[in-house]
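Novice: sequence isn't available, so here's the structure alone:
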């Protein structure tokens, strides 16, 4: 099959996880990317790695004419997940959350009226997005516009990557899918495969924090094959934001008192280690002048698993892939 030009509008581009996933997949069709995001920190990281500026524009008001002028045939997006989460901050407002306005605008007010509709669409979000009123509306719009749709809920740990990051993925295109989604297993790997050498002591956890909240940490050793999902609050909030590394034990053995953790040399995973666990390439960096570790953690917590998405994009583009 003759190669098709792929021109991608990368909505909510973040640090470029969806682009990284495409570029490190086996698709082998060069693509042009036009990224949009309003997060200044994420945009700096994106520009550092891909050598191009991100368009800073509120997508609530982008017009049909502006979309048509980009001459793109593919949409990638990882919209804000807060409307579909059940945390105290998110409140699960779904379709009534102002942060859902932009993605609804793209599907309600833009896509049905395009002369040249995207031939391929990829969406990533949290699992609750699947049952949301927002997605139900998007789904109906896609069906009305003759898209074929496949979806899956999965986590990197399902394919042998030592990280739990369960997400909902939607693939839509204008040609039928010939097969069902079948993810292949990566070579099952241990945490030690993703560790940095000579980690700075600033990443080690202070004794007073260990004594105060040490029993809330999820702790793993170098030969373990799992970590909890790293969120944007990693290092800021102890519980439920990601695992802690114990370098002196192959498999961490739980203790009964926080005092027993003081000699374990516990530390946080570095931003670079989390980047590797997410499947970004060795050349990709979140270390940009003026951006703190805290800001790197926030951006990585909002990012994606390139390991999973690369496979799903191969499936999405199977109709044009050589």
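Specialist: Looks like it arrived, so ask away. Everything numeric in this text was worked out from a predicted model, so none of it was measured.

Novice: every contact and neighbour count from this point should use C-alpha atoms.
Specialist: OK.

Novice: so where's the stretch 51-200 of the chain shaky on pLDDT?
Specialist: In the predicted model, the stretch 51-200 of the chain carries pLDDT under 70 at residues 87-92.

Novice: all strands of it, in order?
Specialist: Along the stretch 51-200 of the chain, counting by DSSP state E, counting those that start in this stretch, strands occupy 74-77, 120-125, 148-154, 167-173.

Novice: of all those, which one is nearest residue 187?
Specialist: Closest approach to residue 187 among the strands of the stretch 51-200 of the chain is made by strand 148-154 (17.0 Å; CA to CA).

Novice: who does that closest one pair up with?
Specialist: Using DSSP bridges, the strands paired with strand 148-154 are strand 167-173 (antiparallel).

Novice: thought residue 15 was touching residue 301?
Specialist: No. Using CA atoms under 8 Å as the test, residue 15 is too far from residue 301 to be in contact (10.7 Å).

Novice: which one's more surrounded, the two?
Specialist: In this view residue 15 and residue 301 are compared by other CA atoms under 10 Å, and residue 15 has more residues nearby, 30 against 21.

Novice: per-residue pLDDT, the more buried one?
Specialist: On pLDDT, residue 15 comes in at 98.

Novice: so it, which of the three states?
Specialist: Three-state assignment for residue 15 (DSSP: H, G, I helix; E, B strand; the rest coil): coil.

Novice: next, count neighbours for residue 269.
Specialist: Residue 269 has 24 neighbours, counted by other CA under 10 Å.

Novice: quick check on residue 283: phi, psi?
Specialist: With angles defined as degrees, to the nearest 10, residue 283 sits at phi -80, psi -20.

Novice: apologies, that question was intended for residue 217.
Specialist: Dihedral angles of residue 217 (phi, psi; degrees, to the nearest 10) stand at phi -70, psi 140.

Novice: same check on residue 36?
Specialist: According to degrees, to the nearest 10, residue 36 has phi -130, psi 130.

Novice: beta partners of it?
Specialist: On the basis of DSSP bridges, residue 36 is bridged to residue 55.

Novice: can I get the strands of the stretch 51-200 of the chain in CSV with mean neighbour count and distance to residue 181?
Specialist: Output for the strands of the stretch 51-200 of the chain, formatted as CSV (neighbours: other CA atoms under 10 Å; distance: least, CA to CA, whole Å):
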stretch, mean neighbour count, distance to residue 181
strand 74-77, 20, 18
strand 120-125, 21, 14
strand 148-154, 16, 8
strand 167-173, 21, 10
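
Novice: possible to save the ones you listed as TSV with distance to residue 227?
Specialist: Below are the strands of the stretch 51-200 of the chain laid out as TSV (distance: least, CA to CA, whole Å):
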stretch	distance to residue 227
strand 74-77	26
strand 120-125	20
strand 148-154	15
strand 167-173	15
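
Novice: separation between residue 206 and residue 54?
Specialist: Distance from residue 206 to residue 54, counting by CA to CA, to the nearest Å: 38 Å.

Novice: more neighbours: the two, which one.
Specialist: Set side by side, residue 206 and residue 54 show more neighbours around residue 54, with 23 against 13, by other CA under 10 Å.

Novice: how close does the more buried one get to residue 95?
Specialist: 27 Å.

Novice: do residue 65 as well
Specialist: For residue 65, the distance to residue 95 - CA to CA - is 26 Å.
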